[in-house]
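S.K.: okay, predicted coordinates and the sequence, questions at the end:
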Amino acid sequence: MPPSGAPACAVCHETRAWRTGFNLQSGFLIEASSRSMASKTQVGFIGLGHMGNPMAKNLIKHGYPVIASDVFPESCKELQELGAQILDTPADVAGKADRIITMLPSSPNVIDVYTGPNGILKKVKKGSLLIDSSTIDPAVSKEMAVAAEKTGAVFMDAPVSGGVGAATSGKLTFMVGGAEEEFTAAKELLSCMGANVVYCGQVGTGQAAKICNNMLLAIGMIGTAETMNLGIRLGLDPKLLAKILNMSSGRCWSSDTYNPVPGVMEGVPSANNYQGGFGTTLMAKDLGLAQNSASNTKTAVPLGSLAHQIYRMMCARGYASKDFSSVFQFLREE
């Protein structure tokens, strides 16, 4: 039993050095090192942006030696000062760590980091656990899983919700897709960075859940921005209006936790000229993924489609690098 108060991710099973797992896609048994027991062995982390940096820090905080890499060397400096080993390429990381987490901006980045000339799969060890926390097309996650399987590695998709604040505090929500027998090993690591780790099903279902969540988030943020703008123009004090919304049926995450109106809340992007947070470009990208999925499944998403159009317009009108809550400013100027 772990000592009282020990973090859940510190728990390990030391009685087995190897385990046998059944590969459902190819129908044969494979041997892989037991990842759930090697708790304090090195963990690779690739992608040290706004989200990846605090996530990797939380792994270090929980006692994991981290080996990291990023296409921008300056992004690695802070982590290196905390004791992380910094390597030049994803392939180099894969040569040293058999558990690797990636947090990257888009599908092309994921494809390159895993299958490119200096990608993870060039040097990955048999039995390695590869966890991708990027938000990408579910079809790409499935492609990466097939490619990883050919090298004897296991790929899981585990996109996140919660933003930079939750990444910093270790309270992210992870939506995990992959072989169910690998979930315990993945959860051990992800619990160091998140308060909720939810198994969604086979590879790609984590991405499906994330895409649905972000479509709703965008719709909710636009609705909150429209509502606040209308109320202000009708003479209501924005703080009073937010208070009323948050004790009424209109309450939502965008109104009570991430309000888009400057001066209503502290510690959110709207209080800092919409700097930091979750970029408008990334929201437009995620809404594009939702649109593609909706088309492929013949699903009607009229509000999701309109939200996608709005965020694409914002990108074209100077809001690309601002937080997605800047839709309030965009609508006010319109």
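M.R.: Nice, I can see it. Residues are numbered from 1 along each chain as shown.
S.K.: from L241, how far off is the residue located most distally from the centre of the chain?
M.R.: Centroid-distance maximum for the chain: G235 at 39.0 Å, with CA atoms, centre = their mean. According to CB to CB, to the nearest Å, G235 stands 10 Å off from L241. C-betas here are computed from N, CA, C, even on glycine.
S.K.: how is this protein divided into domains?
M.R.: 43-203, 209-331 (automatic domain parsing).
S.K.: so G44 sits in a strand?
M.R.: Yes. Per DSSP: H, G, I helix; E, B strand; the rest coil, G44 lies within a strand segment.
S.K.: from here on, count from 210
M.R.: All right, first residue 210 from here; so that's G253.
S.K.: list the contacts for it?
M.R.: 275-278, 302-303, 305-306, 308-310 (CB atoms under 8 Å, 6 or more residues apart in numbering).
S.K.: can we see that at 7 Å?
M.R.: Contacts of G253 were listed using CB atoms under 7 Å, 6 or more residues apart in numbering, and they are 276, 302-303, 306, 308-310.
S.K.: that one pairs with what?
M.R.: Per DSSP bridges, the residues bridged to G253 are I276, I309.
S.K.: returning to what we had before: how about the residue farthest from the centre of the chain, secondary structure?
M.R.: G444 ends up coil, using three-state DSSP.
S.K.: quick one: average pLDDT of stretch 487-496?
M.R.: Taken as a whole, stretch 487-496 has a mean pLDDT of 95.
S.K.: let me redo that: stretch 510-519
M.R.: Across stretch 510-519, pLDDT averages out at 98.
S.K.: check stretch 530-539 too.
M.R.: Mean predicted lDDT for stretch 530-539 stands at 97.
S.K.: with stretch 283-301 instead?
M.R.: The model assigns stretch 283-301 a mean pLDDT of 96.
S.K.: send me it as PDB with only the CA atoms.
M.R.: What follows is stretch 283-301, C-alpha atoms only, in PDB (Å, rounded to 0.1, in the frame of the first residue of the first chain):
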ATOM      1  CA  GLU A 283      13.900  28.300 -26.200                       C
ATOM      2  CA  SER A 284      10.800  26.500 -25.000                       C
ATOM      3  CA  CYS A 285      13.000  23.900 -23.300                       C
ATOM      4  CA  LYS A 286      15.000  26.300 -21.100                       C
ATOM      5  CA  GLU A 287      12.600  26.500 -18.200                       C
ATOM      6  CA  LEU A 288      12.100  22.700 -18.000                       C
ATOM      7  CA  GLN A 289      15.900  22.100 -18.300                       C
ATOM      8  CA  GLU A 290      16.400  24.400 -15.200                       C
ATOM      9  CA  LEU A 291      14.000  22.000 -13.300                       C
ATOM     10  CA  GLY A 292      16.200  19.000 -14.200                       C
ATOM     11  CA  ALA A 293      14.700  17.700 -17.400                       C
ATOM     12  CA  GLN A 294      17.100  16.300 -20.000                       C
ATOM     13  CA  ILE A 295      16.700  18.000 -23.300                       C
ATOM     14  CA  LEU A 296      17.300  16.200 -26.600                       C
ATOM     15  CA  ASP A 297      17.300  17.400 -30.200                       C
ATOM     16  CA  THR A 298      14.700  15.200 -31.800                       C
ATOM     17  CA  PRO A 299      11.600  13.100 -31.000                       C
ATOM     18  CA  ALA A 300      13.600  10.000 -32.200                       C
ATOM     19  CA  ASP A 301      16.300  10.800 -29.600                       C
END
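S.K.: list of residues touching it?
M.R.: With CB under 7 Å, 6+ apart as the test, stretch 283-301 has contacts from 255, 257-258, 262, 265-266, 269, 275-279, 302, 322, 327-329, 331-332.
S.K.: among those, which are located in helices?
M.R.: 262, 265-266, 269, 302, 322 (DSSP state H).
S.K.: among those residues, who's most crowded?
M.R.: A265 (30 neighbours; other CB atoms under 10 Å).
S.K.: quick one, helices of the protein?
M.R.: Counting by DSSP H, the helices of the chain are 261-270, 286-290, 299-303, 316-324, 347-359, 372-378, 392-399, 414-442, 447-454, 462-465, 489-506, 511-525, 536-542.
S.K.: which elements pack onto the fourth one?
M.R.: Same thing as helix 316-324. helix 347-359 (3 or more CB pairs under 7 Å, 6 or more residues apart in numbering; DSSP states H and E).
S.K.: which elements pack onto the helix it packs on?
M.R.: Contacts defined by 3+ CB pairs under 7 Å, 6+ apart place helix 347-359 against helix 316-324, strand 338-341, strand 363-366, helix 414-442.
S.K.: so in the protein, which strand runs the longest?
M.R.: Identified as the longest strand of the chain according to DSSP state E is strand 403-410.
S.K.: any regions of the chain where pLDDT drops low?
M.R.: Low-confidence regions of the chain, defined by pLDDT under 70, span residues 210-248.
S.K.: residues in contact with the longest strand of the chain?
M.R.: Counting by CB under 7 Å, 6+ apart, 369, 379-386, 389, 392, 396, 399-400, 415, 418 sit against strand 403-410.
S.K.: mind putting the helices of the chain into CSV with distance to N482?
M.R.: Conversion of the helices of the chain to CSV gives the following (distance: least, CB to CB, whole Å):
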stretch, distance to N482
helix 261-270, 21
helix 286-290, 23
helix 299-303, 34
helix 316-324, 27
helix 347-359, 34
helix 372-378, 16
helix 392-399, 33
helix 414-442, 16
helix 447-454, 16
helix 462-465, 18
helix 489-506, 13
helix 511-525, 15
helix 536-542, 9
